[in-house]
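K.L.:
Okay, predicted coordinates and the sequence, questions at the end:
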Amino acid sequence: MVLHESKFQVLSYSLQRSELLRELPFYAEISAYCTTEGDFIYPTPVVRDLGILLSSDGTFSRHISQMTRKASLLSGWVFSVFRDRSPGVMLTLYKALIRPILEYCCLVWSPTLTGEIQAIESVQRCFTRRISGMEGSDYWERLRKLNLMSLQRRRQRYTLIHTWKIYHGLVPDSTAMRPDFDSDGRLGVQLKNPPKYISKTDKIRANHLFCLVRSVDVLPWE
């Protein structure tokens, strides 16, 4: 099989926190990928893989920012095209067009920073505010009236369900979380906390595990 090396992209995760090394003139050469034809492909700060933006700093801030911007623009388009603001019509459009953007592959990029969580939630908060009959209601009351869950709770639910399936061997652990389960007769099933000090290459794993350990006790393991 022949690979099109000209289409390759290189993403470099570095354990060096100092930016001094990156500014040296030879840094790009030592971290570049050399093709079979002798051409060099230099590292880029962001790479798109299956619709997810991966950053060299090990975070998903760029992906979350672009995702929320896309969902916000689509929300504006919905309200500019459709005159009917009834809950039935608006919820159908929201669930079909906007919410899938905010939840695509959320097991991979699920945020832990408060600012990123609020930025994602603001899309649903602004959309529900403009639905007929929601005037004067706060966000949580609107969710109750529209029979919706917050996006943060939905991401937590997906993670818990996927962890339950991993524990019972129903699905492979394809999210790089690699949860470590510990079971004994007295305390039941426990999920071990990841180490406090980890490298950037393990940030994706710990990002989900730190959130997961807080709520894993609610799972029905049997």
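P.N.:
Noted; the coordinates are in hand. Residues are numbered from 1 along each chain as shown.
K.L.:
you'd agree residue 47 is up against residue 54?
P.N.:
Yes: Residue 47 lies in contact with residue 54 (Cβ atoms under 8 Å); the separation is 5.0 Å. Any C-beta I mention is one placed from the backbone N, CA and C, and that applies to glycine too.
K.L.:
Please enumerate the helices of this structure.
P.N.:
With helices called from DSSP state H, the chain shows them at 20-23, 27-30, 61-81, 87-93, 99-103, 106-109, 114-129, 139-146, 151-167, 203-215.
K.L.:
Indicate which one of those is closest to residue 4.
P.N.:
Proximity to residue 4 (Cβ to Cβ) singles out helix 27-30 among those, at 22.1 Å.
K.L.:
Now that closest one: average pLDDT?
P.N.:
For helix 27-30, mean pLDDT rounds to 62.
K.L.:
do stretch 84-100 as well
P.N.:
pLDDT averaged over stretch 84-100 gives 95.
K.L.:
quick one: contacts of it?
P.N.:
For stretch 84-100, the external contacting residues (Cβ atoms under 8 Å, 6 or more residues apart in numbering) are 71, 74-75, 78-79, 82, 123-124, 127, 130-133, 145-146, 148, 151.
K.L.:
Restricted to buried residues, select those residues in ChimeraX.
P.N.:
Buried residues among the contacts of stretch 84-100 (16 or more other Cβ atoms under 10 Å), as a ChimeraX selection:
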select :71,74,75,78,123,124,127,131,146,148,151
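K.L.:
Would you mind confirming that residue 39 is in contact with residue 5?
P.N.:
Yes: counting by Cβ under 8 Å, residue 39 touches residue 5, with 7.5 Å between them.
K.L.:
Give me the distance between the two termini of stretch 37-53.
P.N.:
28 Å (Cα to Cα, to the nearest Å).
K.L.:
Report how many residues lie close to residue 48.
P.N.:
Residue 48: 12 surrounding residues under other Cβ atoms under 10 Å.
K.L.:
which residues does it bridge with?
P.N.:
residue 53 (DSSP bridges).
K.L.:
how far away is it from residue 68?
P.N.:
Separation of residue 48 from residue 68 (Cβ to Cβ, to the nearest Å) stands at 17 Å.
K.L.:
so where's this protein shaky on pLDDT?
P.N.:
Residues of the chain that meet the criterion pLDDT under 70 lie in 1-3, 14-31, 174-222.
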